[in-house]
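Show me the folded form of this:
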Amino acid sequence: MKIRRSEKKDIDRLLALLQDVLELHAEIRPDIFIPGTTKYTRDELFELIMDDTKPVYVAADDSDTVMGYAFCQLKDQPFSNNMIPFKSMFIDDLCVDPACRGQHIGESLFEHVKEQAKRLGCYEVTLNVWAGNKKAERFYDKMGMKTKERQLEYIL
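All right, here's what the predicted structure looks like:
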């Protein structure tokens, strides 16, 4: 397995994995997510792949087939003038093909993101997990992530 930046040739595979993730989220929150869709279009993926501030890393097998991905975003913090300024690497989405799970691909992607974030001078790596996604919560706990803040909702 190798981890590399995503390329144009990966778009079809990324779309398939994005659809898997969307279906999981639609099961958890059918009031928010639309089944049968993806987070990004083909054109948006092409632009993301070219954007160095939003790197997409993929784990590929020996035949260069994408087995998982990590969509990331470099963000400048803080949100206000009473906070210390720093750079952050936000994992917008991390997915491993269900057929490839158990091979430590998610762990390898996460470690790669941490290495890249450190190389780029980031203070932290952050992400969001939807409530109810227990497998993701367990995975990120295992990776040593801790709760920084919580977003709460009141549905009207």
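
For the rest of this, base every contact and every neighbour count on C-alpha atoms.
Will do.

Identify each of the strands in the protein and give its residue range.
Using DSSP state E, the strands of the chain run over 2-5, 56-60, 66-77, 86-96, 124-127.

Of all those, which one is nearest A117?
If you check each of the strands of the chain against A117 by CA to CA, strand 86-96 wins as the nearest, at 5.8 Å.

hang on, the earlier thing: just the strands of the chain: most buried one?
For those, the largest average neighbour count (mean count of other CA atoms under 10 Å) is found in strand 56-60, namely a mean of 24.

ok, that one: who's next to it in the sheet?
Here strand 56-60 is paired, per DSSP bridges, with strand 2-5 (antiparallel), strand 66-77 (antiparallel).

Make TSV out of those and add distance to D31 and mean pLDDT.
Output for the strands paired with strand 56-60, formatted as TSV (distance: least, CA to CA, whole Å; pLDDT from 0 to 100):
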stretch	distance to D31	mean pLDDT
strand 2-5	33	98
strand 66-77	24	96
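
Redo the ones you listed as CSV? Include distance to L24.
Shown next, in CSV, are those (distance: least, CA to CA, whole Å):
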stretch, distance to L24
strand 2-5, 24
strand 66-77, 15
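
and of those strands, who's closest to F33?
Nearest to F33, of the strands paired with strand 56-60 and by CA to CA, is strand 66-77 at 18.6 Å.

Extract the C-alpha trace of that closest one and format it as CSV.
Output of strand 66-77 as CSV, limited to C-alpha atoms (Å, rounded to 0.1, in the frame of the first residue of the first chain):
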residue,chain,number,x,y,z
VAL,A,66,-7.8,3.6,-4.3
MET,A,67,-8.8,1.7,-1.1
GLY,A,68,-9.4,4.8,1.0
TYR,A,69,-9.1,8.5,1.2
ALA,A,70,-8.7,11.5,3.5
PHE,A,71,-10.1,14.8,2.3
CYS,A,72,-8.3,17.6,4.2
GLN,A,73,-8.4,21.4,4.5
LEU,A,74,-5.7,23.7,5.8
LYS,A,75,-7.3,26.3,8.0
ASP,A,76,-6.0,29.4,9.8
GLN,A,77,-7.2,29.9,13.3
